[in-house]
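1. Need coordinates for the below:
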Amino acid sequence: MLPGTGDGKGPTLRQERLRWAWLLAIPFLYLSSPSPPLLLTGAFVSLFGVLLRASAAGHIHKDRELATRGPYGRLRHPLYVGSFLTGLGLALAGGRWWFLLLYFLLFLWLYGRTIRAEEEWLARHFGDAYESYRSRVPAFLPSPTPVDPAPSSSSVGFRKDLYLRNREWQAALGTAVGFGLLWVRSWFLV
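-> Numbers count the residues shown, from 1 in each chain. Modelled structure (predicted):
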């Protein structure tokens, strides 16, 4: 079973990440000091992250196939890089320098464990095909040119049905709500 989907013994890694996001949302909004330039800059960074996540979600058949096309042809973890950029944009828009530091540390702690578990699962589940892919595709900084997809990768281009099945619209909606709340918060700082 793919890591993060749970074994019934406690919260999954995904549930833990979401729990932390919701737990920190209210203090983040209360302590934030957004300004129009920071909101605009943060929104741009987050938009890039949301679009990267959307593209990745439209190329991945979770648990069934090793994704090697689309953004997976340039980096192994486009969903996590997209999450990083989305959260970075929100932290930047929050207007406190220490939000960036806390966000970076929290991301390393939560996603570091997730990525290690996922890579172990992929190596066990897809064997040599994943090892070959891992040796050719960088983890976080995209390759300037896409790596040839694995022969078993049947996905051809972005598929809206995969995007919807993977519920990626929830990340986009959550990000939009976060920026909306920061924008409202900026009105109370004047």
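2. so where is this structure shaky, pLDDT-wise?
-> 1-23, 63, 148-156, 189-190 (pLDDT under 70).
3. Mind giving me the packing neighbours of the longest helix belonging to it?
-> Criterion DSSP state H: the longest helix present in the chain is helix 97-136. Helix 97-136 is packed against helix 13-31, helix 78-93, with contacts defined by 3 or more CB pairs under 8 Å, 6 or more residues apart in numbering; DSSP states H and E. In short, each C-beta sits where N, CA and C put it, glycine included.
4. How about residue 45, nearest residue that isn't a chain neighbour?
-> Once flanking residues are discounted, residue 45 sits nearest to residue 89: 3.5 Å by CB to CB, 6 or more residues apart in numbering.
5. wait, doesn't the one you found sit right on residue 40?
-> No: look at residue 89 against residue 40 with CB atoms under 8 Å: they stay out of range, at 10.2 Å.
6. more crowded one of these two?
-> Between residue 89 and residue 40, counted using other CB atoms under 10 Å, the more crowded position is residue 89 (25 against 10).
7. Next up, the contacts around that one.
-> Residue 89 sits next to 41, 42, 43, 44, 45, 46, 47, 48, 49, 175 when contact means CB atoms under 8 Å, 6 or more residues apart in numbering.
8. now with 6 Å?
-> Contacts for residue 89 (CB atoms under 6 Å, 6 or more residues apart in numbering) come out as 42, 45, 46.
9. element containing the second one?
-> It refers to residue 45. helix 36-57 (DSSP states H and E).
10. Give the buried residues for that helix.
-> 38-39, 42-43, 45-50, 52-57 (16 or more other CB atoms under 10 Å).
11. ditto for stretch 179-190
-> Going by neighbour count (16+ other CB under 10 Å), the buried part of stretch 179-190 is 179, 181, 182, 185, 186.
12. Name the nearest residue to the second one, ignoring sequence neighbours.
-> In this case it means residue 181. Using CB to CB, 6+ apart, the closest residue to residue 181 is residue 29 (5.7 Å).
13. how many other residues sit next to that neighbour?
-> 15.
14. measure it to residue 101 for me?
-> With distances taken as CB to CB, to the nearest Å, residue 29 is found 18 Å from residue 101.
15. I'd like the distance from the helix or strand where residue 184 lies to the chain centre, please.
-> Here residue 184, judged by DSSP H and E, is contained in helix 169-187. Centroid displacement of helix 169-187 relative to its chain, using CA atoms, centre = their mean, to the nearest Å, is 16 Å.
16. what residues does that helix touch?
-> Contacts for helix 169-187 (CB under 6 Å, 6+ apart): 29, 32, 34, 43, 46, 50, 53, 86, 90, 93.
17. at 10 Å instead, please
-> Here helix 169-187 makes contact (CB atoms under 10 Å, 6 or more residues apart in numbering) with 18, 21-22, 25-26, 28-36, 38-39, 42-43, 46-47, 49-51, 53-54, 57, 79, 82-83, 86-87, 89-90, 93-95, 163.
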